[in-house]
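[1] quick one, structure for this:
(chains A, B, C and D)
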Protein chains: 2
Amino acid sequence: MDAWDAIGDPTRRAIMACLAGKELAVGELADELPVSRPAVSQHLKVLKNADLVAERTVGTRRIYRLNPAGVAALRDQLETFWSRALTGYQDVAEDRAGQTTNSRADRLEEEE
Amino acid sequence: MDAWDAIGDPTRRAIMACLAGKELAVGELADELPVSRPAVSQHLKVLKNADLVAERTVGTRRIYRLNPAGVAALRDQLETFWSRALTGYQDVAEDRAGQTTNSRADRLEEEE
DNA sequence: GCATTCCGTAAGTCTAGACTTACCGTTCGT
DNA sequence: ACGAACGGTAAGTCTAGACTTACGGAATGC
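    From the prediction side, this is the model:
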């Protein structure tokens, strides 16, 4: 499960928001969210597999927190995407002004 | 449809990747992706409603491009989330060292 | 040892949404 | 005017996954 797939679900985003800046046990998370505790467990499993959260065990309790490295990876990927996307639009603007199609055809080949 | 919901789908992420730095018509997008053209149209509608892409009409063609403002908003939200998440874990580390629960209770109230 | 708490997982339900084909309106070239 | 290209939308299919209840293992307190 890709991290971007993982955050595509609103309940999982809510879980991550609950975990921002602090740790919570499964039951505590379930108390704060409008879904059952097993549902929270299942979502945490997805987030864990996507490297977005980590856990530690304290007795019977599983304490979860965000995984900063995983969240940073998302941030970096989006940053990279953003800078790339912005650069291209400056080129397109010039292209449209010049009324040429060559650079566009070249760019299609680069994409492959 | 929330922008984060929108990018939770792999086909829509692929569409956005195709549009990074350039414009493409619906049919061109469909040629590059393993789904039908109407499927691409439907995804573009979702992305447009989420303010992540914009379109212009040239004759019969609909030319799509990324919406820099929409993508920037995602980036900003993730940046905000990231800095907040990181700040909290420094606090939690101190909290755990101090063995107090007051700051955690306060933070729960802030979350509401 | 027993009762309670905690939580992962199994199993079942059900629907949102991702996909398809078909239809049709718009634009453009001849 | 007609045919071709383009693309939005309707309607249908189907399944992944988000949800639930139930079960049972592990930890802890008395």
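
[2] buried set for stretch A:63-82?
    By neighbour count with 16 or more other CB atoms under 10 Å in any protein chain shown, stretch A:63-82 contains the buried residues A:64-67, A:70-71, A:74-75, A:78, A:81-82. For glycine as for every other residue, the C-beta is placed from the backbone atoms N, C-alpha and C.

[3] and if you look at stretch A:41-53?
    Buried residues in stretch A:41-53 (16+ other CB under 10 Å): A:43-44, A:46-48, A:50, A:52-53.

[4] I'd like those as CSV, with pLDDT appended.
    Formatted as CSV, those follow (pLDDT from 0 to 100):
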residue, pLDDT
A:His43, 98
A:Leu44, 98
A:Val46, 97
A:Leu47, 98
A:Lys48, 97
A:Ala50, 97
A:Leu52, 96
A:Val53, 97
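
[5] filter the residues you listed down to the ones in strands?
    Those of those mapping onto strands are A:Val53, per DSSP state E.

[6] so which of the buried residues of stretch A:41-53 also contact DNA strand C?
    When those are checked against DNA strand C using CB under 7 Å from any atom of the strand, the ones in range are A:Leu44.

[7] any chance of the buried residues of stretch A:41-53 in a markdown table with distance to chain B as columns?
    Below are the buried residues of stretch A:41-53 laid out as a markdown table (distance: CB to the nearest CB, whole Å):
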| residue | distance to chain B |
| --- | --- |
| A:His43 | 13 |
| A:Leu44 | 16 |
| A:Val46 | 12 |
| A:Leu47 | 13 |
| A:Lys48 | 16 |
| A:Ala50 | 12 |
| A:Leu52 | 11 |
| A:Val53 | 11 |
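
[8] could I get the buried residues of stretch A:41-53 as CSV with distance to B:Gly21?
    What follows is the buried residues of stretch A:41-53, written out as CSV (distance: CB to CB, whole Å):
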residue, distance to B:Gly21
A:His43, 34
A:Leu44, 37
A:Val46, 32
A:Leu47, 31
A:Lys48, 34
A:Ala50, 27
A:Leu52, 28
A:Val53, 33
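
[9] quick check: A:Ile15 touching A:Lys45?
    No: the criterion here is CB atoms under 8 Å, and A:Ile15 misses it with A:Lys45 at 11.3 Å.

[10] tell me where chain A has strands.
    A:24-25, A:53-58, A:61-66.

[11] break chain A down into its domains, please.
    Domain ranges of chain A: A:3-66, A:70-111, per automatic domain parsing.

[12] any idea which of those domains is most buried?
    domain A:3-66 (a mean of 17; mean count of other CB atoms under 10 Å in any protein chain shown).

[13] that domain vs DNA strand D: in contact?
    Yes: Domain A:3-66 reaches DNA strand D (CB under 7 Å from any atom of the strand) through A:5, A:9, A:11, A:35-36, A:38-39, A:42-43, A:46, A:58-60.

[14] least trustworthy helix or strand in chain A by mean pLDDT?
    helix A:102-111 (a mean of 35; mean pLDDT, DSSP states H and E).

[15] all the helices of chain A, residue numbers only.
    Along chain A, counting by DSSP state H, helices occupy A:3-6, A:10-19, A:26-32, A:37-49, A:68-98, A:102-111.

[16] widest-spaced pair of the residues of domain A:3-66 next to DNA strand D?
    A:Asp5 and A:Gly59 (32.6 Å; CB to CB).

[17] pretty sure A:Ala3 contacts A:Asn67?
    No: contact criterion CB under 8 Å: A:Ala3 and A:Asn67 do not qualify, at 10.1 Å.

[18] now for the two: what residues contact both?
    Residues touching both A:Ala3 and A:Asn67 (CB atoms under 8 Å, 6 or more residues apart in numbering or on different chains): A:51-52.
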